[in-house]
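Novice: No sequence on hand, only this structure:
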């Protein structure tokens, strides 16, 4: 056996070849710079684990100074943003189901009078707890904020009411997820992220693989139309997606005991739409990318914001407005609301429609971009 | 319909600032085997791709099987069989799956029969469930030819179909091409092999994107009044002689063919005078020879700039 010494010049040769190849691959180079800079800035400012300004509806049957003080204090704390005043229980219910309000604050009749009399009136807070992390901090802070505010009002002869115990009874209803089980939120969220990841990646490689192996030239030489190739390539992955979904649902219902309050066929229909949207994105990536590596990088570039800005990892309402706007472009954002809506709230098509059309629009836009990039020739 | 399977004029194609094909004009008759020659990077593949709608010419016009090469690429694709230079069928599909896929792409109604027939003809009926990627080079070429023949095209565009194939397989391949041409199918075949060029009805020679010569093999042979001498001797003598002859201005080429040297010049009398001082060396035998196609092409190439950059 001959001993071969480590050669520095060989080593330098290999290293410089790698640098040259890296430099030539513009997209990879862009990603190396782009991913950290763009995403750090984006997520650094967007992510907030302590959501504030949560939309709140008020059902006030009392207009005493005490209820006004209470609402003002809640508003001033930053956690609640009173967006609507409703006049009936049913109206409040609808706002919660649609996800338009995160909280409904109900102030009963004669709240002020009972308070003064020391009868401890009930202050009812209903929260949409399908994502427990979105409401947790606000609820935790509520008792303190409310009694602090009222203490300033209760002076003189009423001073003894402003004691250690709050002068009212705070009742919190965590709707849809009374125990605040995080799994109820995480499991539907994982369903969405797993689908996003696998669907985009698998189809992303579908076209670039043909190009890398040279088989694309053969395909192009046949009379096959771009729309035939693109949609034909998607179908097998739809099936794979449905298998994944069924597996995840199975585990969600059995192992994690996530409740299923809505309609199963409706859930599958929504899932199908979501799968289709992700697949069109994947196939579009793959007609833009020149090789499999680039398609993979594009997938990750899209995947990160999908996880971070969609409301999966961090409460959607905790993000600044611009980030919410950005997040609402992503299919996953809407999908999370849809799945939670169906499984936890038992929503029907009426309530879901506002989240369905954005996914459909996303899909149409993406597929037309993809068809634009699909090359009918080798130019 | 005209008698011409391919009739194009003034086709140009650039990639970036590189002008790859310049004023390409070609007429291929029906049932004709047309050889397409030229060094690597001379624009053969680009020209073929323009003919079958895989590349869009920057300028120029013409027809392929009567269809416009710019506007009717869909119709051309349906009637042309294109065999790529590199094996481009699906290596992870079996032989039969590849053929069936291709048949479906062309919307063939009698798919099963056509695939069965092609398998039998190929002699691959027993190996039909073997993955295409596991075939040897020669078999891959035959499979590729069968695949591009499957939809019964009227024109075959073959891009170096026999590169890397053994002589026996090449011979079989050409037998098949001639049989096809006899049925009225036109064939444009790019090749580097001179023996294959000789088997074509007509030839075109392209260098640096420009067609330099066209005609029957015989016409091409006599394109120049080349006179050739064959020199034989021992290898050592010949290599010493070749080194000396290369500096003689009247000699265009000195080419080594095993144990002989081909010495070529444009003017017979001048050549004879130029070689006179070397003819008396002992052990060396000078004889007049006929120029070969290779001699002609080497001569043509000398006029064209190098294409490698």
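Specialist: Okay, I see it. Here the structure is a predicted model, which means the values were calculated and not measured.

Novice: can you pull the buried residues of stretch A:81-89?
Specialist: Within stretch A:81-89, the residues scored as buried using 16 or more other CB atoms under 10 Å in any protein chain shown are A:81-83, A:86. All C-beta atoms are positioned from the backbone trio N, CA, C, and that covers glycine.

Novice: now, which of these lie within strands?
Specialist: In strands, judged by DSSP state E, the following of the buried residues of stretch A:81-89 are found: A:81-83.

Novice: returning to what we had before: redo the buried residues of stretch A:81-89 as JSON lines? Include distance to chain B and pLDDT.
Specialist: As requested, the buried residues of stretch A:81-89 are exported to JSON lines (distance: CB to the nearest CB, whole Å; pLDDT from 0 to 100):
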{"residue": "A:81", "distance to chain B": "56", "pLDDT": "88"}
{"residue": "A:82", "distance to chain B": "62", "pLDDT": "87"}
{"residue": "A:83", "distance to chain B": "56", "pLDDT": "87"}
{"residue": "A:86", "distance to chain B": "60", "pLDDT": "87"}
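
Novice: Quick one: mean pLDDT over the biggest helix by length in chain B.
Specialist: Looking across chain B with DSSP state H, the single longest helix is helix B:167-182. When pLDDT is averaged along helix B:167-182, the result is 89.

Novice: cool, and stretch A:272-291?
Specialist: Over the span of stretch A:272-291, the pLDDT mean works out to 89.

Novice: Can you give me the buried ones in stretch A:251-269?
Specialist: For stretch A:251-269, by 16+ other CB under 10 Å, it's A:252, A:258, A:262, A:266-267, A:269.

Novice: In helices, which of the residues you listed fall?
Specialist: Counting by DSSP H, the buried residues of stretch A:251-269 place A:252, A:266-267, A:269 in helices.

Novice: Just give me the closest of those residues to chain B.
Specialist: residue A:269 (30.6 Å; CB to the nearest CB).

Novice: What pLDDT is listed against the residue nearest to residue A:334 when sequence neighbours are not counted?
Specialist: Take residue A:334 and drop its neighbours on the chain: the residue closest to it by CB to CB, 6 or more residues apart in numbering or on different chains is residue A:355, 4.1 Å away. The confidence metric pLDDT takes the value 89 at residue A:355.

Novice: next one: phi and psi at residue A:355?
Specialist: As for residue A:355, its main-chain torsions (degrees, to the nearest 10) stand at phi -100, psi -20.

Novice: Check the secondary structure at residue 56 for me.
Specialist: I'll assume chain A. Here residue A:56 is recorded as strand under DSSP: H, G, I helix; E, B strand; the rest coil.

Novice: ah, no, chain B please
Specialist: Classification of residue B:56 using three-state DSSP returns coil.

Novice: That one against residue B:68, yeah?
Specialist: No - counting by CB atoms under 8 Å, residue B:56 does not reach residue B:68; the two are 12.0 Å apart.

Novice: Could you count how many residues lie near the closest residue to residue B:182 other than its chain neighbours?
Specialist: Of all residues not flanking residue B:182 in the chain, residue B:31 sits nearest, at 7.3 Å (CB to CB, 6+ apart). The number of residues packed near residue B:31 is 17, by other CB atoms under 10 Å in any protein chain shown.

Novice: Run a quick neighbour tally on whatever residue of the stretch 201-309 of chain B ends up closest to chain A.
Specialist: In the stretch 201-309 of chain B, the residue that lies nearest chain A is residue B:209 (16.5 Å; CB to the nearest CB). Neighbour count of residue B:209, defined by other CB under 10 Å: 24.

Novice: how about residue A:373, what does it touch?
Specialist: With contact taken as CB atoms under 8 Å, 6 or more residues apart in numbering or on different chains, residue A:373 is in contact with A:284, A:287-288.

Novice: Keep only those of these that are in strands.
Specialist: Short answer: the contacts of residue A:373 have none in strands (DSSP E).

Novice: most neighbours, which of those?
Specialist: Highest neighbour count within those, by other CB under 10 Å: residue A:284, with 26 neighbours.

Novice: picking that back up, please list the outside residues in contact with the longest helix of chain B.
Specialist: Taking CB under 8 Å, 6+ apart as the rule, helix B:167-182 contacts B:31-33, B:138, B:141-142, B:145, B:149, B:156, B:158, B:161-162, B:165, B:187, B:189, B:193, B:196, B:199, B:201.

Novice: Would you mind checking those for buried ones?
Specialist: With burial judged by 16+ other CB under 10 Å, the buried subset of these is B:31-33, B:138, B:141-142, B:145, B:149, B:156, B:158, B:161-162, B:165, B:187, B:189, B:193, B:196, B:199, B:201.

Novice: Sort out which of these are in helices and list them.
Specialist: Among the buried ones among the contacts of helix B:167-182, DSSP H puts B:138, B:141-142, B:145, B:149, B:196 in helices.

Novice: Spell out which two among those are the most distant pair, please.
Specialist: Greatest spacing in those, by CB to CB: B:149 and B:196 (18.3 Å).

Novice: Which secondary structure state does residue A:173 sit in?
Specialist: strand.

Novice: which residues sit in contact with residue A:94?
Specialist: Contacts here follow CB under 8 Å, 6+ apart; on that basis residue A:94 touches nothing.

Novice: Helix or strand: which one has it?
Specialist: Here residue A:94 sits within helix A:89-98, counting by DSSP states H and E.

Novice: Likewise for residue A:16?
Specialist: Going by DSSP H and E, residue A:16 is part of helix A:8-24.

Novice: That helix and chain B, any residue contact?
Specialist: No - Helix A:8-24 lies out of reach of chain B by CB under 8 Å from any CB of the partner chain, never closer than 15.0 Å.

Novice: what angle separates the helix-or-strand element of chain A with minimal mean pLDDT from helix A:8-24?
Specialist: The helix or strand of chain A with the poorest confidence is helix A:26-46; it has a mean of 73 (mean pLDDT, DSSP states H and E). Relative orientation of helix A:26-46 versus helix A:8-24 (axes from the mean of the first three to the mean of the last three CA atoms, to 10 degrees): 70 degrees.

Novice: hmm, who's touching helix A:26-46?
Specialist: Outside helix A:26-46, the residues that touch it by CB under 8 Å, 6+ apart are A:22-23, A:289-290, A:293-294, A:297, A:300-301, A:304-305, A:308-309, A:319-320, A:322-323, A:326-327.
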